[in-house]
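Peer 1: quick one, structure for this:
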Amino acid sequence: MGTHRSISEMPQAGRFLSCQEAARFLDLSDDTIRRLIHAGKLDAVRVGKRCLRVTAESVRRFAEPVVIPTGGFSRAVSEAEPAKEGHT
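Peer 2: Next comes the predicted model:
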């Protein structure tokens, strides 16, 4: 790990990456890549009995930033603030 690459350096859609290549792009371990494949979060194909190839497009989708809307909250509530009466 630690050799993170930018998405712009990622191979074109339609290409397949080894688990090691996908791990390098996402800055994750090979084992984590395999867990993500088995969890259905990365698309992959099996080549032979043991070889997995991850689609470059699924790696790109997984790496896309996620925007979380704030929902219009005016302030964050501290866990240390006492609960108001009647609320648990």
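
Peer 1: could you pull up phi and psi at Lys41?
Peer 2: phi -90, psi -20 (degrees, to the nearest 10).

Peer 1: how about the nearest residue to it, chain neighbours excluded?
Peer 2: In this structure, Lys41 finds its nearest non-sequential neighbour in Phe62, 6.4 Å apart by CB to CB, 6 or more residues apart in numbering. Using the backbone N, CA and C atoms, a C-beta is placed for each residue, glycine as well.

Peer 1: then stretch 56-71 to CSV, C-alphas only?
Peer 2: As requested, C-alpha coordinates have been extracted for stretch 56-71 and formatted as CSV (Å, rounded to 0.1, in the frame of the first residue of the first chain):
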residue,chain,number,x,y,z
ALA,A,56,-11.2,-0.8,-14.4
GLU,A,57,-14.7,0.8,-14.5
SER,A,58,-15.8,-0.7,-11.2
VAL,A,59,-12.5,0.5,-9.6
ARG,A,60,-13.2,4.0,-11.0
ARG,A,61,-16.8,3.9,-9.7
PHE,A,62,-15.6,2.8,-6.3
ALA,A,63,-13.1,5.6,-6.1
GLU,A,64,-15.5,8.4,-7.1
PRO,A,65,-16.0,10.9,-4.3
VAL,A,66,-19.4,10.8,-2.6
VAL,A,67,-21.2,14.1,-1.8
ILE,A,68,-23.1,13.9,1.4
PRO,A,69,-25.8,16.6,1.7
THR,A,70,-25.9,18.4,5.0
GLY,A,71,-29.7,18.5,5.1
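
Peer 1: so who does the residue nearest to Lys41 touch?
Peer 2: Contacts of Phe62 were listed using CB atoms under 8 Å, 6 or more residues apart in numbering, and they are 26, 36, 41-42.

Peer 1: out of these, list just those in helices.
Peer 2: Secondary-structure check on the contacts of Phe62 using DSSP state H: residues within helices are 26, 36.

Peer 1: and the furthest pair within the contacts of Phe62?
Peer 2: With CB to CB as the measure, no two of the contacts of Phe62 lie farther apart than Leu26 and Lys41, at 10.9 Å.
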